[in-house]
Structure formats: structure tokens, C-alpha cells
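1. Output the structure for:
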Amino acid sequence: MERHDTKEVAVTWNIPINKQLRPTTSRDRIVGEHEMHLPLPPHPGAFGVKRQHHTHEGVDLYAPQGTPVYAVEAGEIVAVFPFTGSRATPPSPWWRETEAILVEGPSGVVVYGEITPVVGRRIGYKLERGEPIGYVVQVLTKDKGYPMSMLHLELHVPGTRYAYDWSDERPPSLLDPTPFLFAAYLEQM
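-> Predicted structure coming up:
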């Protein structure tokens, strides 16, 4: 299992879905009744893994459709927009329509993607750590042998207002959220 250095993580996150995290590199059994897996490379849901259309910009936390998503830290909503599907920029018609909420807080700008927002969550709204932000929705249009709904979580430098695709070069604003999630995993033990 890959080790993640948590010394650089100055801010502690909550786990954004009310389940125990378990780090894994395997695609097997990634969702349980009381646990979900934190994907690590080479898992396709891990940060930085090369995919068919892009390099993965975040971490996918697989959960049933309708699962509540909670703020990993306090912050202010700085953007809400279509994240996947034909309304997204650029369009991604191989996925269903989902939205993203960007929240700027102590660790930077956290992108909560592939969700539907809680009513009233709009730009300028100030969230408390652990406050509901949205619900997981189905993103995949084809069954690939693992869950079709997930929270896609990204981290960007402060001031970011859009979740940029990692097509060729890594976007300069993009950070790896894995150490924050790994630190949350260690804290729950």
C-alpha cells in the first residue's frame, strides 16, 4: 500500500461522506455498508491516474446515489456549475448531468463534483465544517463493474474558480487531495 506523507497537511479535513475510509489500490469491494475505499494508484478513482479522456483530477469516493455529502472544512461557496454531461464545459456526454460546488477554505478551494447541491447552497454561502453540501448522483452512463455514483473531490490553490481538465499538462492550480483524505483516515482510527 502506498504511504502518503501527512506532515504537509496543516489543516485536518472531515471525511465528506459519513462512512469509514479504507485505503485501497484494488477495484474490488470498494463500497460497504459502513465503509468506503480511498482509491490509491493504480485504482482508476485515484488522483493522477491516466484515463481514456483525461488524467484524473481528483479522488472518487464511491457511494450510493442520494448519499449526503458534508463539507470537509469550513469555507465559502465561490462557484456552482454543471460538472459533467452535455451542459459541462467542455461537454462530457459519456457521463450523466451532474454539478460541482467549489468551496474556498483554509486548505484551498475544494471541488465537490458529481453531486446535486442542497437547496440554498449558492455563491457566497458560508459553510461550517461538517455541514451538508449536496448529494451523490449517478454519473456513469455505462456499468463498468463498479459503482456508478460517487463524490469526485478535487483540491486547488486559493483563488481558483473553475475545475480545469487535466488533458495534456496538469493544471497549475490543481493539488492532490489524497494527503488530506489520508490524514482524515488516520484520525478516524
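2. and the residue nearest the centre of the chain, what element?
-> The centroid of the chain falls nearest to residue 153 when counting by Cα atoms, centre = their mean (1.2 Å). Residue 153 belongs to strand 150-156 when assigned by DSSP states H and E.
3. Pull up the pairing partners for that strand, direction included.
-> If you go by DSSP bridges, strand 150-156 pairs up with strand 59-62 (antiparallel), strand 108-117 (antiparallel), strand 174-175 (antiparallel).
4. Could I get the average pLDDT for stretch 152-169?
-> Mean pLDDT, stretch 152-169: 94.
5. Could you give me the buried positions within that stretch?
-> Neighbour counts over stretch 152-169 (16 or more other Cβ atoms under 10 Å) mark 152, 153, 154, 155, 156, 160, 162, 163, 165, 166 as buried. Any C-beta I mention is one placed from the backbone N, CA and C, and that applies to glycine too.
6. which residues sit in contact with the last one?
-> Read that as residue 166. 54, 55, 56, 57, 174 (Cβ atoms under 8 Å, 6 or more residues apart in numbering).
7. Can you verify my assumption that the residue nearest to the centre of the chain contacts residue 114?
-> No - contact between residue 153 and residue 114 fails when scored by Cβ atoms under 8 Å: they sit 9.3 Å apart.
8. any residues in contact with both of these two?
-> Applying Cβ under 8 Å, 6+ apart, one finds that residue 153 and residue 114 are jointly contacted by residue 60.
9. Run the chain-centre distance for the strand holding residue 153.
-> With Cα atoms, centre = their mean, to the nearest Å as the basis, strand 150-156 stands 2 Å off its chain's centre.
10. where are the low-confidence patches of this structure?
-> 1-10, 27-32 (pLDDT under 70).
11. show me where it has helices.
-> 178-188 (DSSP state H).
12. Mind listing what's buried along stretch 114-126?
-> 114, 115, 116, 117, 118, 121, 125.
13. who's in contact with the last one?
-> Which is residue 125. 76, 77.
14. Could you do the first one as well?
-> With contact set as Cβ under 8 Å, 6+ apart, residue 114 has these partners: 60, 83, 84, 98, 100, 136, 137, 139, 149, 150, 151, 152.
15. Of those residues, which pair is most distant in space?
-> 100 and 149 (14.8 Å; Cβ to Cβ).
16. Against residue 174, how distant is the residue nearest to residue 167 when sequence neighbours are not counted?
-> With Cβ to Cβ, 6 or more residues apart in numbering as the criterion, residue 167 has its nearest non-adjacent residue at 5.4 Å, and that residue is residue 54. Residue 54 sits at a distance of 12 Å from residue 174 (criterion: Cβ to Cβ, to the nearest Å).
17. Compare these two and say which one has the larger neighbour count.
-> residue 174 (23 against 12; other Cβ atoms under 10 Å).
18. give me the number of residues near residue 170?
-> Residue 170 has 14 neighbours, counted by other Cβ under 10 Å.
19. pretty sure residue 97 is touching residue 84, no?
-> Yes - between residue 97 and residue 84 a contact is recorded at 6.9 Å, counting by Cβ under 8 Å.
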